[in-house]
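1. Dropping the sequence and predicted coords here.
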Amino acid sequence: MTAKISKDASLSGWINGFIGVLLFSGSMPATKLAVMEMSPVFVTIARAAIAGILALSVLLIYKEKRPEKKQIFPLLLVSIGCVVGFPLLSALALQHLTSAHSIVFLGMLPLATAIFGVVRGGERPHPVFWFFSIIGSLLVIGYAVSQGISASPVGDILMLLAVILCGMGYAEGAKLSKTLGGWQVISWALVLALPVMIPLFFIYSPDHIETVSFRGWFGMAYISLFSMFIGFIFWYKGLAQGGIATVGQLQLLQPFFGLGLAACFLHEQVSMGMLGVTVGVILCVAGTKKFAK
């Protein structure tokens, strides 16, 4: 009976994780749409403020209890990594990179998440798991280095830092989801940032905000609702059910979906090198899944 429950939970974890990854896949193209017309700082603040107000409303409607004192620090780490760190650094990076180029860096997220899962979550994947995970990450790093002068070192560094902070936020949130609940974790993380984000929203609001096009507002709406809130509900639940390191490898699919969206909606060029790297990291999913436990 226990084995069946464990197997069912694992399957549910993969399903919820896949939905989360699918929603996250539109984040970089949508962020690119927003930062083309608004500053990266304002985009980061606005998405956190909008999602924070939504999260606070949901928490009040369901009359959720406040987090315990011991849960505040992990929630702050989630807020630093997922609410502020990744959105701000990736938005700044997109001033120097195309969304297609930045998406390739997301292939390193599974490794970052797995490492933090070991450090903070106490997980112990099989040694072969690390081999496949590292190979996937090396493919991504190798691609970035091969771009040489045509790419932006500043943009690459910003994306690398963004991935590290995001991995930390994912692992902390997944660990906390087991006791606090998936949607509650991201909701409280957003609420913790709200007292800072609301004043900053008005301070950094563009002077000519009425000139922002529908495309810009569409990008802002997507990252505020799906990337910042709804996607995390499925993602944290999936990580908690199936394991941080295991389900975290689904992020290797994110570049594939993201590149397709960048090509379709932003008309960005997707090179054979990008596709090759993306296919390579996707193939690593099979290996990491098999040796995750």
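-> Here it is on my side, so go on.
2. and H96, helix, strand or coil?
-> coil (DSSP: H, G, I helix; E, B strand; the rest coil).
3. show me what contacts it?
-> S152, V154, G155, L158 (C-beta atoms under 8 Å, 6 or more residues apart in numbering). Glycine gets a C-beta too; all of them are placed from N, C-alpha and C.
4. Would you format the residues you listed as CSV with distance to L176 and secondary structure included?
-> CSV is the format used below for those (distance: C-beta to C-beta, whole Å; DSSP: H, G, I helix; E, B strand; the rest coil):
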residue, distance to L176, secondary structure
S152, 35, coil
V154, 33, helix
G155, 31, helix
L158, 27, helix
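5. buried subset of these?
-> S152, G155, L158 (16 or more other C-beta atoms under 10 Å).
6. For Y62, report the pLDDT, please.
-> Listed pLDDT for Y62 reads 93.
7. Please read the previous query as pertaining to F291.
-> Looking at F291, its pLDDT is 66.
8. quick one: what helix or strand has L111 in it?
-> helix 109-121 (DSSP states H and E).
9. How much space separates the closest residue to L160 other than its chain neighbours from L54?
-> Distances taken as C-beta to C-beta, 6 or more residues apart in numbering place F105 nearest to L160, at 6.7 Å, with adjacent residues excluded. F105 is 28 Å from L54, where distance means C-beta to C-beta, to the nearest Å.
10. Could you check how far G17 is from T44?
-> 25 Å.
11. Student question: in this structure, what's the helix or strand with minimum average pLDDT?
-> Within the chain, no helix or strand scores below helix 272-290, which has a mean of 74 by mean pLDDT, DSSP states H and E.
12. got the contact list for it?
-> By C-beta under 8 Å, 6+ apart, helix 272-290 touches 100-101, 104, 107, 110, 128-129, 131-133, 135-137, 139-140, 142-143, 146, 245-246, 249-250, 252-253, 255-256, 259.
13. got it, and stretch 205-222?
-> By C-beta under 8 Å, 6+ apart, stretch 205-222 touches 26-27, 29-34, 36-39, 42-43, 46-47, 50.
14. rerun that using 10 Å as the cut-off
-> Stretch 205-222 has contacts (C-beta atoms under 10 Å, 6 or more residues apart in numbering) with 23, 26-27, 29-39, 42-43, 45-47, 50, 227-228, 265-266.
15. Now do it, average pLDDT.
-> 91.
16. With stretch 75-89 instead?
-> pLDDT averaged over stretch 75-89 gives 96.
17. sec struct for P67, please.
-> Under three-state DSSP, P67 comes out as coil.
18. Now do the contacts for it.
-> P74, L75, L176, T179, L180, Q184, V185, W188, A189, V191, L192 are the contacts of P67 under C-beta under 10 Å, 6+ apart.
19. Restricted to buried residues, select these in PyMOL.
-> Burial among these is assessed by 16+ other C-beta under 10 Å; the matching PyMOL selection reads:
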select buried, resi 74+75+176+180+184+185+188+189+191+192
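20. Buried residues in stretch 122-131, which are they?
-> E123, P125, F129, W130.
21. Next one: the second one from L75, what distance?
-> Okay, so that is P125. Counting by C-beta to C-beta, the gap from P125 to L75 is 26 Å.
22. just to revisit the earlier point, what is the most widely separated pair among the buried residues of stretch 122-131?
-> E123 and W130 (11.9 Å; C-beta to C-beta).
23. Perfect, that will be all.
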